[in-house]
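In: Generate a structure from the sequence data that follows.
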Amino acid sequence: VSLALALSFGADSNVHVYAAERQPHLVDYLARRATSLGTRNFTPVRIELDLVDLPLPADVFLMVGLWAHIDEPDELFSGIKNKLRKNGRVCLIEDDLNLIALTKKAALRAGFSVFSEPDILPEQYVCVIALS
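Out: The predicted model follows:
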């Protein structure tokens, strides 16, 4: 999804997309794929869930199917708060309504509020949050 997002802006865009991945083989795969497509506005980054390894503050975090992989949601959202630019947003996408509800609860505990819940993806739930 992150590489497709970078491609949608165009290779010469001033918008740069960082793909934050926990697994090294995914970082390597995304780097090779981006190179083969000639995408210069995309960088895969290996991170831990505290997000301290992200190179820059972000305007948008896109989190797809992440809930099942996190043990400490409060720590995750605390890390996001420290790496999110002013007026930034976090887009949460899950394929289970119960998972999106749990994710939203953790975000609300961390000081976020629901910005929007667009019905834009078939069979997936989307919630965009922002700092309160």
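
In: Below-threshold pLDDT in this structure: ranges please.
Out: 11, 49-55 (pLDDT under 70).

In: residue furthest from the geometric center of it?
Out: What lies farthest from the middle of the chain is residue 36; by Cα atoms, centre = their mean that is 23.1 Å.

In: could you pull out the strands for the protein?
Out: 17-21, 42-46, 58-64, 84-94, 112-116, 125-131 (DSSP state E).

In: Out of those strands, which gets nearest to residue 71?
Out: Residue 71 sits nearest to strand 58-64 of all these, at 15.1 Å, using Cβ to Cβ. From N, CA and C alone the C-beta is placed, and that goes for glycine too.

In: By neighbour count, which bits of that closest one are buried? Give me those.
Out: In terms of neighbour count (16 or more other Cβ atoms under 10 Å), strand 58-64 has its buried residues at 58, 61-63.

In: one step back: please produce a markdown table containing the strands of the chain, extended by distance to residue 104.
Out: Output for the strands of the chain, formatted as a markdown table (distance: least, Cβ to Cβ, whole Å):
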| stretch | distance to residue 104 |
| --- | --- |
| strand 17-21 | 20 |
| strand 42-46 | 26 |
| strand 58-64 | 12 |
| strand 84-94 | 7 |
| strand 112-116 | 7 |
| strand 125-131 | 6 |
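
In: Ok, which of the ones you listed comes nearest residue 103?
Out: The minimum distance between residue 103 and the strands of the chain falls on strand 84-94, with 5.1 Å, by Cβ to Cβ.

In: Next, the angle from the closest one to strand 58-64.
Out: 10 degrees (axes from the mean of the first three to the mean of the last three Cα atoms, to 10 degrees).
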